[in-house]
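In: kindly return the folded structure for what I paste below:
(2 chains)
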Amino acid sequence: MTTTTASGPTATEAAVTDPAVLRDDLDAYARGLRAWLASEPALDRWRGRHYPNTEERIADHGLLMGVLFRAGWNRYGWPESAGGLGGDERHRAVLYDGLAAAGLPIPAPHLMLETLGPPVVHFAPELAAAYLPAYLRGEQWWGQGFSEPEAGSDLASLRCRARREGDTYVLSGSKLWTSHGATSSRLVCLVRTGTPESRHRGLSMIMLDADAPGVTIRPIALASGENELAEVFFDDVVVPASNLVGEEGKGWAVAMYLLQWERAMYAWLSAADALRRLRDLRGQVATRLAAGARLPDGSAARLGAVYEQIIALRARSAATVRRLAAGDTVGPEASVDKVLLATVEISLFDLARDLLGTEFVLGATDEVRAWRNEWWFSRSATILGGSAEVQRTIIADHVLGLPKEAK
Amino acid sequence: MTTPGLDDATAELLAGSLREVLAEGGDLAAALAELGWAEVLADDPARATTLLFAEHGRALAHSRVLDDVLLAELAGALPAATGPRALLYPLHSDQPADPRGPLTGLLLGGLDGITEVVVPTALDAADAGDPADAGGATLRILPAELVAAATQPVRGFDTAAGWLTVSAAPAGAAGPATPAGEAWTRAVAAGRRALAAEIIGACEAALAIAVAHTSARVQYGRSIATFQAVRHRLAEAHVAVESLRSELTVAWGSAGQADGGAWAARLVKLRAGFAQAEVMRHAVQVCGAMGLSLESELHRFVARTAALDLLLGDYHTLAEQLGTELLAGAELEPVVAI
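Out: Model (predicted):
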């Protein structure tokens, strides 16, 4: 990956530094961001960089967030009351796209920020004011505690309990498959405050410190060996009642609200990163071809098809992001974005695996190791955040209006 | 979404009128004239074109309305017309015919009432005064009666399209060749956007048939649309159509560029071809034997979208062409911006 440091921003691009203008004029923000990304030498250390493990990667990405925060760029799209500089989802989308286009990673903590940030800002502004600024600075990030050993796709059957005692809740139970769970400072969990039979009506969303007494976190390594996930145990953990996100018993509504961003913004963010990785792959394949390697039959057509799939995902998710920014409620149709996203992830990394061939299986370079790790992680695209099967069922029920599946 | 010209209510009204005309198999050209289509088109080309072609696809109509789209882009590069024109489409993707041999191609309908046929041919090195034009297209005009003598009705997969193949039209009779410059590129781009819309309409209709059939058809005491295997196929078909719709909106965003937004138009044609394959595969399966029979309408959509996929480049060919260019170093354009 080449780096551009020689030419600074042009006069017109450098002209706008007024936060009020960057907030209100998305084009000015996009131009200013591009110019900065192309000229800021401090960014070079994050280009084409590989890490020995996930913990170091996420920590280093936190430092990148610090650089973005000090220059202001990742504060747009978040309210001033929560450490932001105002603006809406489009600012965030432009940031992710700009980073990927400049050959930079989208900092890993932004993934959960896109999922957990919007509901916390909306339902618990005082928690957002207290904790979001440090998140934006990359000093800490949050994990999402939804799934449990016995509640995966059937989320409403979750059993992790929060018992009200005075001004506190006491949590007992466990959460499973928590992304970034091993390194998060805070957890946002969906817990049962109603009776065990209350299904989705008896749930509440609550934020707690990951190092509160009684919390035990066990990292879970994916097959790649990387600790991408975690299991979290709660042994009578005391949490202030003021840490509720939304009202008691309204956790399902908060979760549904959150899904709009989890499905749409995450899809856009992933598409931006997928295009960067396809560019990387094309570069590596060109090197191999120059060295006399042969590609498997049909490689060109697959490369063309994957590129087009990424553009289709960008087209769809850009429209959804604009709807979110306009304040529309994005309903079950967001599952379309999620299905497209999963399709892109699977086909991109299968393509990388096949084009890298022998090297993918036998190679030991950092570069190849990164492709292998990402290949394993890409398999989660059809599982995490609502499995491929759940998404198709949502579309069948709520978009196509088919008769309900037999119980 | 911004809709500069056509508001939702007007669009719905126009779609209803078009649906009526097309269902009755009436004279589309006359009906469009009566609706003041030229004005509608000038007002909001993206929405008007998409609406017209989606209805065309839904109704399984056959007409030469696609010719209008491409000829409008070519007009500036051609001498004044001496009468009504038709276009000879390449048999393979967007590659113009070889002018040295007898001309081949596709016509979207018979040539009654047509005076001249516009034929894009590969630019001969000898014709390319400017070497920069080499490899491009040159436009020739043939008298309609000469081309008509070399036509055969298509008796292929889609017998209802009313298309004609042209084999061995005498190239020598073509008038002076005009280098097309970017006009042919623009025409292909415009044609691909229109075809993508036509495929949307046909796919929506096929999906509606599949939804209706599986909801009504009872097996094991319940409608087969309650089986997950069936529901998930229909959901995937829906995803394919919606992704095509989004990409078409994006493709229109670059239509005003000098090359007519060729890059994005090729992408959306690729997506349209993929979407029709996906929708038809699932629809045929969930409709059971009914989906294979002449008694269901479904087969007509299967055959029509296969023909539409072929026109101006099928999705397999486009994917391979695109991938080959990318391997050779073409920019991985982001195409979509927020």
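
In: any part of the one helix or strand residue B:53 maps to near chain A?
Out: Using DSSP states H and E, residue B:53 falls within helix B:45-58. No: on the criterion CB under 8 Å from any CB of the partner chain, helix B:45-58 is out of touch with chain A, staying 14.0 Å away. All C-beta spots, glycine's among them, are computed from the backbone N, C-alpha and C.

In: in the helix or strand that comes right after that helix, what's buried?
Out: Stepping forward along the backbone from helix B:45-58, the first helix or strand reached (DSSP H and E) is helix B:65-74. Across helix B:65-74, burial judged by 16 or more other CB atoms under 10 Å in any protein chain shown covers B:65, B:66, B:67, B:68, B:69, B:70, B:71, B:73, B:74.

In: distance between helix B:65-74 and the chain's centre?
Out: Chain-centre distance of helix B:65-74: 11 Å, with CA atoms, centre = their mean, to the nearest Å.

In: and what of stretch A:329-337?
Out: That offset, for stretch A:329-337, works out to 17 Å (CA atoms, centre = their mean).

In: also stretch B:18-38?
Out: With CA atoms, centre = their mean as the basis, the mean position of stretch B:18-38 lies at 19 Å from the chain mean.

In: and that stretch, what's its mean pLDDT?
Out: Averaging pLDDT along stretch B:18-38 gives 92.

In: give me the contact list for it.
Out: For stretch B:18-38, contacts defined as CB atoms under 8 Å, 6 or more residues apart in numbering or on different chains pick out B:14, B:17, B:48, B:51, B:52, B:55, B:56, B:58, B:59, B:61, B:63, B:65.

In: just name the closest of the buried residues of helix B:65-74 to residue B:232, please.
Out: Nearest to residue B:232 among the buried residues of helix B:65-74, counting by CB to CB, is residue B:66 at 34.4 Å.

In: check contacts around that closest one.
Out: Residue B:66 neighbours (CB under 8 Å, 6+ apart): B:53, B:108, B:191, B:194, B:195, B:198, B:311.

In: same check on residue B:186?
Out: Going by CB under 8 Å, 6+ apart, residue B:186 touches B:73, B:259, B:260, B:262.

In: just the element for it, please.
Out: Counting by DSSP H and E, residue B:186 is part of helix B:183-216.

In: which is the next helix or strand following that helix?
Out: Next along from helix B:183-216, by DSSP H and E: strand B:218-219.

In: what score does the residue of chain A most remote from its centre have for pLDDT?
Out: Within chain A, the residue lying farthest from the chain centre (CA atoms, centre = their mean) is residue A:292, at 38.3 Å. pLDDT recorded at residue A:292 is 91.

In: likewise for residue B:155?
Out: 87.

In: so what does it have for phi and psi?
Out: With angles defined as degrees, to the nearest 10, residue B:155 sits at phi -120, psi 40.

In: over to the one 4 residues further on?
Out: Geometry field for residue B:159 lists phi and psi as phi -80, psi -10, criterion degrees, to the nearest 10.

In: now the helix or strand hosting residue A:286: buried residues?
Out: Taking DSSP H and E as the definition, residue A:286 sits inside helix A:251-290. Buried residues in helix A:251-290, counting neighbours by 16+ other CB under 10 Å, are found at A:251-255, A:257-282, A:284-285, A:288.
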